[in-house]
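Participant: model this:
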Amino acid sequence: MGEQTGWAIDPSSLREVLVDRRRVEQSLPGAEPLQRLFLLGLLGQAEQGLAEGRRLLDEPAVSADPWRVLLRLADLHCLLSDFAAAERYHQQAWRHALGRERQAGTLHSIGVRQFEQGDRDGAAASFQLALTLLSLFGDTPARARTAAALALVRAGAGLDSAFDALILAGGRGSRMGPPAKPLHKLAGWPMLDHVVLACSAANRQIVVGPSRIGIGEPLFCREQPAGSGPVAAISAGLRHVTQPVVLVLAADLPFIAGALGPLRALLASGSAEAAALVEPTGRVNHLAAAWRTAALYAALDRLGEPAGRPVRALYDSVEVGYLPDFDAFGADCDTPVDLRLAESRIRRGGPGRLPAAQLAWPRLELHSPS
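Facilitator: Now for the predicted structure:
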């Protein structure tokens, strides 16, 4: 429950609690207000800490930093598993997070809450965005702490097994006009970055398309020859997959984050070799899917020469689990009209909207990486 909370509680404080609880209790009367909130949380007195923290916010004469107090209150609510209240305090803390370091600290705290709620994908995205914010500060303790948290999430941490993500970003998208379709901006950021960030929990993110600077550190590769179609792109990217499960995604799916966990869960729950989103109309989104890696290799072998082949051909003779996409997580953006509709959907905050961290991007003190 430090300033940038997470799996980074001060070990010396923990030792004090474990070795001499009475000494910690005796230190409470003389502790600074914020330190008191921290110690009360360690001692299991979260309710008292919440009462004291709220008084700090209500007393303008007290020189406590509102941002720090709000994060402490969010931490205490997480200790009580009251995640809705913790989220409200995180939203308030964000308004006081002026500067990259505080924005990163807030995102780290949000990531911890998301992880404790079981939202592995959301937690990884928050940690990844925090790391991006801290990228110009060198190897600071805050960066090391957030990098360690992201590594823990990617390792599975008991929620589900590790996986890779394969993102197809080589299409020109002639209906969109220049630049290339994956680089068209939504909420201020290229669509490709939305998808890469959504896949932050992946052990490895493989982008089949031109190399560029952006969110995270994906591995870039190209299909041969370039422009030979999505199946050729999948074949090129699959060589870099190391995990038993791989997400296969188009780069124009800005709302896909909410479907990634359910797709993996559907794949893990039965004998299916692939799991794909299905729109209410019955249309299968073949590039919003999770595959068993071995099954995808076998499908490519059966298909033969991949150049120019349609993606749906990969699904022939494959046992597929279908996930209804009632929230339109798999909505793509093929035209300028699609982009405008997506912007409107974000403003409305409807089903499948972008995560809070992504919605906050235009406010971040961070230039678009494209």
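Participant: contacts and neighbour counts: CA atoms only from here.
Facilitator: Noted.
Participant: Lys181 contacts Asp252, doesn't it?
Facilitator: Yes: look at Lys181 against Asp252 with Cα atoms under 8 Å: they come within range, at 7.4 Å.
Participant: Between these two, which contacts overlap?
Facilitator: Common neighbours of Lys181 and Asp252, counting by Cα atoms under 8 Å, 6 or more residues apart in numbering, are Asp334.
Participant: more crowded one of these two?
Facilitator: Using other Cα atoms under 10 Å as the criterion, Lys181 and Asp252 rank with Asp252 on top: 29 against 24.
Participant: ok, now how distant is the more buried one from Leu192?
Facilitator: According to Cα to Cα, to the nearest Å, Asp252 stands 7 Å off from Leu192.
Participant: anything in contact with each of these two?
Facilitator: Contacts common to Asp252 and Leu192, judged by Cα under 8 Å, 6+ apart, are Pro182.
Participant: Now the strand ranked longest in the chain: average pLDDT?
Facilitator: Identified as the longest strand of the chain according to DSSP state E is strand 284-292. The average of the pLDDT scores along strand 284-292 is 97.
Participant: and Leu247, backbone torsions?
Facilitator: Main-chain torsions, Leu247, degrees, to the nearest 10: phi -80, psi 140.
Participant: tell me, how many neighbours does it end up with?
Facilitator: 27.
Participant: Skipping its backbone neighbours, what lies nearest Gln48 in space?
Facilitator: Once flanking residues are discounted, Gln48 sits nearest to Leu40: 7.2 Å by Cα to Cα, 6 or more residues apart in numbering.
Participant: ah, wrong one, I meant Phe115
Facilitator: Ala123 (5.2 Å).
Participant: got the phi/psi numbers for Cys221?
Facilitator: When read as degrees, to the nearest 10, the backbone of Cys221 gives phi -150, psi 170.
Participant: quick one: the nearest residue to it once chain neighbours are set aside from Glu217, how far?
Facilitator: Leaving aside its chain neighbours, Cys221 sits nearest to Val208 (5.0 Å; criterion: Cα to Cα, 6+ apart). Separation of Val208 from Glu217 (Cα to Cα) stands at 13 Å.
Participant: now Asn285
Facilitator: Asn285 sits 26 Å away from Glu217, going by Cα to Cα.
Participant: These two: which has the busier surroundings?
Facilitator: Of the pair Asn285 and Glu217, Asn285 is the one with more neighbours under other Cα under 10 Å, namely 21 against 14.
Participant: my guess is the more buried one meets Gly330, correct?
Facilitator: Yes: counting by Cα under 8 Å, Asn285 touches Gly330, with 7.3 Å between them.
Participant: Common neighbours of the two, please.
Facilitator: Taking Cα under 8 Å, 6+ apart as the contact rule, Asn285 and Gly330 both touch Leu277.
Participant: beta partners for Leu249?
Facilitator: Assessed by DSSP bridges, Leu249 has beta-bridge partners Ile167, Ala288.
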